[in-house]
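>>> Need coordinates for the following:
(one chain, ligands or ions: 1)
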Amino acid sequence: MMNLTNNSRLLVCLPLAAFLTCSLPAQSPITPAPKDPAIAAALQQASPDHVRATIEKLVSFNNRSTLSSMDTDLPPGTGVSAAADWIESEFKRISADCGNCLEVKRDDFIEPPQPGPASRILKPTKLTNVYAILHGTDPAQAERRVLVTGHYDSRNSDNFNTHDPAPGANDDASGVAVSIESARVLSKLKFPSSIVFVAVAGEEQGLNGSRHLAKLARSEGWQLEAVLNNDIVGGDTTPGDAGADKTVVRVFSEGVPANAALDQIRVIQNLGAESDSPSRELARAIAEISKSYFAPSSQHASAGTPAGKPHSNLIKVVPSFHPVLIFRRDRFLRGGDHTSFNMEGFTAVRFTEWRENFDHQHQNIRVENGTQYGDLLKYVDFNYVANVARLNAATLATLAAAPGIPQNVHILTAALDNNTELTWEAPKGMPAGATYEVVWRDTQDPTWTMVQSAGSATTIKLPISKDNVVFGVRSVDAAGHRSIAVLPTPTRPTRSFTPPPPKS
Ligand SMILES: [Zn+2]
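Numbering: from 1, shown residues only. Model (predicted):
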């Protein structure tokens with residue numbers, strides 16, 4: 001008997017006459033993937049001090065309104081263009097530290113004026129996105145990309161005010177700090193596929209920078225597998241606010257893809273696939289990855305009990321940090337740069353702190369009736385931003401290390417029976433030793449719960465009714481890095497039942 005190890009699960013193969021028959025391991029509940037020691041060490045390097053330095057520097061540009069790029073009267077070292085130059089220099093500095101491992105680029109363009117009374121851009125305006133590419137080391141996979149972004153522009157109460165302070169410490173210097181910090185800690189590592197670290201402008205005037213970059217990515221044929229947008233991830237710290245929770249970050253994901261055509265929406269309706277867009281599968285992947293790198297910690301249930309109160313010995317287990325998946329595209333009345341990527345058909349989600357303080361966003365700095373307004377540095381929790389950066393970096397690293405997502409994933413629907421038969425094709429550059437996993441969950445469950453390895457096969461038959469669960473297929477490399485799962489589509493279009501014509 002010989003044993004082939006498969007991602008710590010055993011594939012048992014018996015020599016039987018002239019054939020080798022292998023029985024795959026049975027289905028089992030999903031457990032966190034093994035921690036990758038190199039990724040874990042990189043996450044340790046994410047530093048609240050570096051995050052603070054980045055956010056302080058961005059705040060020092062006084063007002064990062066995108067419209068300030070057209071001003072000619074700004075003091076040196078202020079305004080959005082100076083901020084863009086600094087971000088570019090920061091990516092180059094990081095690159096110099098890793099033997100020029102990053103390709104640093106600018107996406108400069110002129111945004112035309114917006115029409116209509118609600119226009120937030122009145123004249124042709126220069127915009128700059130800055131990005132750095134850590135190219136993959138496997139020629140067969142280097143074209144695959146994952147991307148992290150934040151917007152470096154800011155605003156105060158008046159969209160057209162480019163001179164009074166608009167510190168934008170939380171919205172969104174915090175998101176830019178996540179992108180830069182991810183670049184700093186991950187650029188020391190090598191991945192088979194590529195990672196793009198981004199800072200965009202024009203978010204506050206209507207997602208202009210991200211829209212341009214998403215269209216650029218589409219026109220240049222970027223094989224973008226995941227976009228992580230970080231916007232307002234500062235962990236607002238307002239004295240007296242009991243609702244803040246520094247152990248969680250929200251991850252927003254669209255249900256029905258923003259760019260779905262009417263016939264695609266019909267298929268989604270027929271399949272009950274409203275909660276299985278590629279972006280939502282990305283959100284599920286983030287939730288699973290977080291469990292590998294953020295261990296639960298235990299604390300006394302009475303922690304924080306005022307002195308003099310009886311002490312309880314009850315211990316509760318609290319995750320040290322984790323995402324909360326919000327199953328909607330964004331918050332009420334608000335938008336973000338992930339939607340620009342969704343509109344171009346890319347897989348993209350948004351990270352945002354648990355509880356926003358709207359007095360600290362898009363506001364002139366002032367005190368009114370004892371309330372301090374303004375997006376000030378003092379409300380940002382740098383430890384919190386560092387944790388968000390760790391979760392982003394863990395996700396980027398895992399997906400960049402994992403094989404590509406399985407292609408042409410189908411569920412066979414020819415027979416009316418209580419089994420499930422799935423087929424798929426290998427992603428380009430599937431590395432040696434990589435395998436596939438089928439995951440599933442009850443239809444009312446938010447995340448994948450069960451898994452069965454398919455080994456290296458590209459088809460599987462399971463004695464589980466396809467009507468009762470939702471399936472996904474993902475690839476896993478020999479070290480256990482898992483790709484995003486793919487929802488299978490029926491081999492023939494699912495249509496509403498049409499009764500056969502009556503026999504004459
Ligand atoms: Zn924002």
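>>> C-alpha from now on. contacts and neighbour counts both.
Will do.
>>> give me the number of residues near R93?
14 (other Cα atoms under 10 Å).
>>> just H360 next, same as before
By the criterion of other Cα under 10 Å, H360 has 22 neighbours.
>>> what's the distance between V80 and S154?
8 Å (Cα to Cα, to the nearest Å).
>>> Which neighbours do the two have in common?
Taking Cα atoms under 8 Å, 6 or more residues apart in numbering as the contact rule, V80 and S154 both touch 63-66.
>>> Most neighbours out of those residues, which is it?
Of the shared contacts of V80 and S154, R64 is surrounded by the most neighbours, 32 neighbours in total, counting by other Cα under 10 Å.
>>> Any figure for the gap between M70 and L122?
For M70 relative to L122 (Cα to Cα), the value is 11 Å.
>>> Which one's more surrounded, those two?
Between M70 and L122, M70 has the larger neighbour count (other Cα under 10 Å), namely 17 against 14.
>>> OK, contacts around that one?
With Cα under 8 Å, 6+ apart, M70 has these contacts: 125-126.
>>> Show the pLDDT at the closest residue to the ion within the stretch 301-450 of the chain.
When scored by Cα to the ion, the stretch 301-450 of the chain has G336 as its residue closest to the ion, at 6.7 Å. With respect to pLDDT, G336 has a value of 97.
>>> Same question for S297.
With respect to pLDDT, S297 has a value of 69.
>>> Name the residues of stretch 425-432 that are buried.
Of all the residues in stretch 425-432, those buried under the rule 16 or more other Cα atoms under 10 Å are 426, 429-431.
>>> in the stretch 301-450 of the chain, which spans are helices?
337-343, 382-401 (DSSP state H, counting those that start in this stretch).
>>> Where does the prediction get shaky in this protein?
1-25, 297-313, 316, 318-319, 492-504 (pLDDT under 70).
>>> which secondary structure element contains the residue nearest to the spatial centre of it?
Central residue of the chain (Cα atoms, centre = their mean): L228, 3.2 Å from the mean position. Per DSSP states H and E: L228 is located in strand 223-230.
>>> residues from the stretch 151-300 of the chain in reach of the ion?
Neighbours of the ion within the stretch 151-300 of the chain, by Cα under 5 Å from the ion: 171, 231.
>>> quick one, strands of the stretch 301-450 of the chain?
Remark: strands assigned in the stretch 301-450 of the chain by DSSP state E, counting those that start in this stretch are 315-319, 322-326, 348-353, 366-368, 371-373, 407-411, 420-425, 435-442, 450-455.
>>> most packed of those strands?
strand 348-353 (a mean of 28; mean count of other Cα atoms under 10 Å).
>>> Can you get me the centre-to-centre distance for that strand and its chain?
7 Å (Cα atoms, centre = their mean, to the nearest Å).
>>> for stretch 131-141, same thing?
On Cα atoms, centre = their mean, the centre of stretch 131-141 falls 18 Å from that of its chain.
>>> that older thread, nearest spatial neighbour of the residue of the stretch 301-450 of the chain closest to the ion, skipping sequence neighbours?
If the residues on either side of it in the chain are set aside, G336 comes closest to L207, at 6.7 Å by Cα to Cα, 6 or more residues apart in numbering.
>>> Contacts only, for that neighbour.
201, 336-337, 340.
>>> any idea how far it is from A201?
8 Å.
>>> quick one: secondary structure of R474?
Three-state call for R474 (DSSP: H, G, I helix; E, B strand; the rest coil): strand.
>>> So in terms of bridging, what pairs with it?
With DSSP bridges as the criterion, R474 is bridged to E437.
>>> Tell me how many other residues crowd it.
Other residues within reach of R474, judged by other Cα under 10 Å, total 25.
>>> same deal with D158?
Neighbour count of D158, defined by other Cα under 10 Å: 12.
>>> In a helix, it, correct?
No - D158: not assigned to a helix; according to three-state DSSP it is coil.
>>> Which residue, other than its chain neighbours, is closest to I94?
Leaving aside its chain neighbours, I94 sits nearest to R184 (5.9 Å; criterion: Cα to Cα, 6+ apart).
>>> hang on, the one you found packs against R93?
No - if you go by Cα atoms under 8 Å, R184 and R93 don't touch, sitting 9.4 Å apart.
>>> ok so, going back, now the contacts of L207 in CSV, with distance to G150 and neighbour count?
CSV is the format used below for these (distance: Cα to Cα, whole Å; neighbours: other Cα atoms under 10 Å):
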residue, distance to G150, neighbour count
A201, 9, 29
G336, 10, 23
D337, 8, 30
S340, 13, 23
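>>> Make JSON lines from these and add distance to F351 to it.
What follows is the contacts of L207, written out as JSON lines (distance: Cα to Cα, whole Å):
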{"residue": "A201", "distance to F351": "18"}
{"residue": "G336", "distance to F351": "10"}
{"residue": "D337", "distance to F351": "11"}
{"residue": "S340", "distance to F351": "15"}
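>>> ok, which pair from the residues you listed is furthest apart?
Using Cα to Cα, the two most remote members of the contacts of L207 are A201 and S340, lying 12.7 Å apart.
>>> Mutual contacts of those two, please.
With Cα under 8 Å, 6+ apart as the test, A201 and S340 both reach 207, 210.
>>> How about residues contacting stretch 92-106?
Under Cα under 8 Å, 6+ apart, the answer for stretch 92-106 is 88, 91, 128-135, 183-184, 187-188.
>>> Please apply the same query to stretch 473-482.
Defining contact as Cα under 8 Å, 6+ apart, one finds that stretch 473-482 is touched by 6-7, 33-34, 36, 398-399, 401-406, 409, 431, 433-439, 483-488.
>>> Put the buried members of the residues you listed into a ChimeraX selection.
To isolate the buried ones among the contacts of stretch 473-482 in ChimeraX, judged by 16+ other Cα under 10 Å, type:
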select :6,7,33,36,398,399,401,402,403,404,405,406,409,431,434,435,436,437,438,439,483,484,485,486,487,488
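>>> Show me what whichever strand or helix holds L213 packs onto, helices and strands only.
Using DSSP H and E, L213 maps to helix 208-219. With contacts defined as 3 or more Cα pairs under 8 Å, 6 or more residues apart in numbering; DSSP states H and E, helix 208-219 has these neighbours: strand 125-134, helix 337-343.
>>> if we go to 10 Å?
On a contact count with 3 or more Cα pairs under 10 Å, 6 or more residues apart in numbering; DSSP states H and E, helix 208-219 meets strand 102-111, strand 125-134, strand 144-151, strand 194-200, strand 223-230, helix 337-343.
>>> between the ones you listed, which one is nearest to S465?
strand 223-230 (29.7 Å).
>>> so what strands line up beside that closest one?
strand 144-151 (parallel), strand 348-353 (parallel).
>>> circling back: for the next helix or strand along the chain from the strand holding L228, list the C-alpha coordinates in PDB.
Beyond strand 223-230 on the C-terminal side, the first helix or strand identified by DSSP H and E is strand 248-252. Listed next in PDB are the C-alpha coordinates belonging to strand 248-252 (Å, rounded to 0.1, in the frame of the first residue of the first chain):
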ATOM      1  CA  VAL A 248     -13.700  43.300  13.300                       C
ATOM      2  CA  VAL A 249     -13.600  44.800   9.800                       C
ATOM      3  CA  ARG A 250     -16.600  44.700   7.400                       C
ATOM      4  CA  VAL A 251     -16.100  43.200   4.000                       C
ATOM      5  CA  PHE A 252     -18.800  44.200   1.500                       C
END
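>>> buried ones in strand 248-252?
Those would be 248-252, for strand 248-252 by 16+ other Cα under 10 Å.
>>> now what about it, what contacts it?
Contacts with strand 248-252, where a contact means Cα atoms under 10 Å, 6 or more residues apart in numbering, come from 228-230, 233, 235, 279-280, 282-284, 286-287, 319-331, 338, 348-355, 384-385, 387-388, 391.
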